[in-house]
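Peer 1: Okay, here's the prediction I keep looking at, along with the sequence it came from:
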Amino acid sequence: MERKNKEKPEIFYDRYALFVLLFLLSFAVLAVFIKFSKINLYYTASFEGMLNGSAYRPFVTRVLTPWMTVGVRELIPDQINENFSRWIAESPFITSIIQTYGAPANLGVEAFINIVFQYISLLGFFYFYIKLIKKIFVLTKKSLFFFVFVALIGLLPFFNWGYIYDLPQLFLSTLAFYFIASNKKMLYFFVFALAVLNKETSIVLIIPSLLLFWNQKNPKAINVLLGYVIQLTIFLLIRMPLYIYYKNNPGVNLDFHLVDHLRAFVGYPIASIIFWLIAILIVSLAFYKWKKKPAILNLGLCSGFVLLILFFIGGFPFEFRVFYEVYGVVTISVIWSFLTLRGELIKIAALGTDEFIDSLKSLKTN
């Protein structure tokens with residue numbers, strides 16, 4: 001009994017220290033993101049244009065964050081909003097942040113609200129990234145810290161450009177993977193819908209979602225098919241009205257940049273070679289002993305390859321931010337490989353890939 005009483009304060013302090021760390025960590029990452037990502041400076045997706053619906057396609061169709069920002073602003077009473085606007089205008093520090101954020105002075109309140117959403121997204125990402133790791137692995141505190149540290153450092157190259165929906169996409173995708181690992185279908189469907197409302201590339205989440213409809217002992221194709229039909233229905237019900245509503249906005253729903261990638265390779269050969277070397281290293285580590293890894297990580301890698309194809313078709317050269325949907329699981333997979341190569345044994349708590357493959361052999365079609 002006395003031992004249990006001693007353990008409770010230790011657990012409490014560990015959790016308290018974790019929350020403090022996450023709060024500070026999220027502030028630091030947000031500061032870097034605002035400073036270096038040139039967020040809202042791209043004229044086709046300006047802050048004002050995203051909020052009032054005049055931005056270019058496809059950016060204007062990514063409505064979750066703009067709608068939430070405008071919605072919260074509308075809930076603020078006029079008097080409070082007026083005082084809030086005055087406080088922002090009279091604070092050189094806050095004003096400079098909003099200017100760096102690429103928002104006009106007359107939208108100071110909306111910019112502040114949106115920045116808070118960015119912070120919550122980062123906080124949510126780190127929190128559920130840790131929860132996801134604990135759901136699929138049994139780790140020491142030291143190893144867990146290393147997973148978080150690498151995830152923090154790995155985010156920095158993603159901040160060479162940014163949009164207001166990027167960090168929410170990072171959070172929602174990681175949360176979706178957590179609910180897949182936790183086998184919580186309804187919560188996953190809800191988060192999937194939010195992610196699709198935020199960005200159309202969230203459709204790649206249906207690949208790892210297979211595990212939600214997979215009974216290892218009695219797998220049935222009809223259950224997987226039904227799960228996919230539900231998600232495709234959600235996707236179409238959300239995206240099609242948005243495409244129709246904003247069809248007269250300037251821009252296109254899918255821009256092609258394959259030629260730009262070829263030009264970048266010729267124009268920036270050193271940067272391109274470094275990019276490919278890093279990509280090869282990441283892919284090699286991601287596939288190292290892949291059969292020994294949890295199935296959710298490898299299915300996430302499949303989503304990553306779909307995004308890689310889309311990156312070459314419609315993404316700008318060196319635009320790493322297009323991989324936010326799979327950042328969490330790819331990072332976890334790479335770190336697991338690195339630690340395994342160093343001789344560290346990590347116990348797997350989730351369905352293994354080898355077990356998943358074995359259950360495929362007994363798949364029933366009815």
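Peer 2: Everything's here; your move. Computed from a prediction, not measured in an experiment: that's the story for all the values here. Numbers count the residues shown, from 1 in each chain.
Peer 1: just for this protein, where's the confidence low?
Peer 2: Within the chain, the stretches falling below the threshold (pLDDT under 70) are 1-14, 362-366.
Peer 1: Tell me the buried residues in stretch 160-171?
Peer 2: Trp161, Gly162, Tyr163, Ile164, Tyr165, Asp166, Leu167, Pro168, Gln169, Leu170, Phe171 (16 or more other CB atoms under 10 Å). Just so you know, the C-beta spots here come from the backbone N, C-alpha and C atoms, and that holds for glycine as well.
Peer 1: got JSON lines for those, with secondary structure and distance to Leu232 too?
Peer 2: JSON lines is the format used below for the buried residues of stretch 160-171 (DSSP: H, G, I helix; E, B strand; the rest coil; distance: CB to CB, whole Å):
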{"residue": "Trp161", "secondary structure": "coil", "distance to Leu232": "30"}
{"residue": "Gly162", "secondary structure": "coil", "distance to Leu232": "29"}
{"residue": "Tyr163", "secondary structure": "coil", "distance to Leu232": "25"}
{"residue": "Ile164", "secondary structure": "coil", "distance to Leu232": "27"}
{"residue": "Tyr165", "secondary structure": "coil", "distance to Leu232": "22"}
{"residue": "Asp166", "secondary structure": "helix", "distance to Leu232": "25"}
{"residue": "Leu167", "secondary structure": "helix", "distance to Leu232": "26"}
{"residue": "Pro168", "secondary structure": "helix", "distance to Leu232": "22"}
{"residue": "Gln169", "secondary structure": "helix", "distance to Leu232": "20"}
{"residue": "Leu170", "secondary structure": "helix", "distance to Leu232": "23"}
{"residue": "Phe171", "secondary structure": "helix", "distance to Leu232": "23"}
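Peer 1: Closest to Val330 out of those residues?
Peer 2: Leu170 (12.2 Å; CB to CB).
Peer 1: Quick check: the closest one vs Asn81, distance?
Peer 2: Applying CB to CB, to the nearest Å, the value for Leu170 to Asn81 is 29 Å.
Peer 1: Ser143 now?
Peer 2: Counting by CB to CB, the gap from Ser143 to Asn81 is 47 Å.
Peer 1: the strands in the stretch 251-366 of the chain, which residues?
Peer 2: 347-348 (DSSP state E, counting those that start in this stretch).
Peer 1: What of the stretch 1-150 of the chain?
Peer 2: 137-138.
Peer 1: Which parts of it are helices?
Peer 2: 2-36, 47-52, 64-75, 78-90, 92-100, 108-136, 141-155 (DSSP state H, counting those that start in this stretch).
Peer 1: and those as JSON lines, adding distance to His261 and mean neighbour count?
Peer 2: Output for these, formatted as JSON lines (distance: least, CB to CB, whole Å; neighbours: other CB atoms under 10 Å):
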{"stretch": "helix 2-36", "distance to His261": "23", "mean neighbour count": "12"}
{"stretch": "helix 47-52", "distance to His261": "26", "mean neighbour count": "20"}
{"stretch": "helix 64-75", "distance to His261": "28", "mean neighbour count": "17"}
{"stretch": "helix 78-90", "distance to His261": "41", "mean neighbour count": "12"}
{"stretch": "helix 92-100", "distance to His261": "30", "mean neighbour count": "14"}
{"stretch": "helix 108-136", "distance to His261": "28", "mean neighbour count": "21"}
{"stretch": "helix 141-155", "distance to His261": "22", "mean neighbour count": "15"}
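Peer 1: what residues are up against the residue lying closest to Pro208 once chain neighbours are set aside?
Peer 2: Distance criterion CB to CB, 6 or more residues apart in numbering; nearest residue to Pro208, sequence neighbours excluded, is Leu299 at 3.9 Å. Contact partners of Leu299, counting by CB atoms under 8 Å, 6 or more residues apart in numbering, are Ile207, Pro208, Leu210, Leu211.
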